[in-house]
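Q: Structure for the following, please:
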Amino acid sequence: MIRNAIARFMYGRYGNDQLNIFLAVLYLALYILYLLTGWEGLALLSYVLIGYTIFRTLSRNYDRRRGENAKFMKLAGPFLGWCRLRRAMRRDKEHRYFKCPSCGQHLRVPRGKGTITVTCRSCGASFQEKS
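A: Purely as a prediction, here's the structure:
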């Protein structure tokens, strides 16, 4: 019953996206920093951030919110891709990851094969690595 009421209320509204999640996490970080330091400016900034996050969530202007999120993802995309790659490298115990010395492409090879010749798929450069 309440779930249906919330669904009806949110119908036609923008909802959450990556920028909203980032703003909410930034709000929490600033608010915790405010609690530790007591500086009122951090509290004010955190309230403005959470207010803007709620505004974006409840907005009915899809195009504007999508544009804002696209700009955010253009800025944050390389960092998020780097984080995903690092997480994959940490979790993958069956492969080693190398960076091509010519073009910088990340390459994955099986672990435990000794010294192997790795050929980059992007630029075709070959180099020796110990897996």
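Q: Only C-alpha atoms from now on, for both contacts and neighbour counts.
A: OK.
Q: residues making contact with stretch 61-75?
A: Contact partners of stretch 61-75, identified using CA atoms under 8 Å, 6 or more residues apart in numbering, comprise 13, 14, 17, 18, 19, 56, 59.
Q: Of all the residues in that stretch, which ones are buried?
A: 65, 69 (16 or more other CA atoms under 10 Å).
Q: Please identify which helix or strand holds residue 6.
A: helix 2-10 (DSSP states H and E).
Q: Show residues contacting whichever helix or strand comes after that helix.
A: Using DSSP H and E, the helix or strand that follows helix 2-10 towards the C-terminus is helix 18-37. Residues from elsewhere that reach helix 18-37, judged by CA under 8 Å, 6+ apart: 40, 42-43, 45-47, 49-50, 53, 56-57, 68-69, 72-73.
Q: can you list contacts of the helix holding residue 6?
A: Applying CA under 8 Å, 6+ apart, the contact partners of helix 2-10 are residue 58.
Q: what about residue 32, how many neighbours?
A: By the measure other CA atoms under 10 Å, the count of residues near residue 32 is 15.
Q: Now do it, the pLDDT please.
A: pLDDT recorded at residue 32 is 96.
Q: And the residue nearest the centre of this structure?
A: residue 80 (3.8 Å; CA atoms, centre = their mean).
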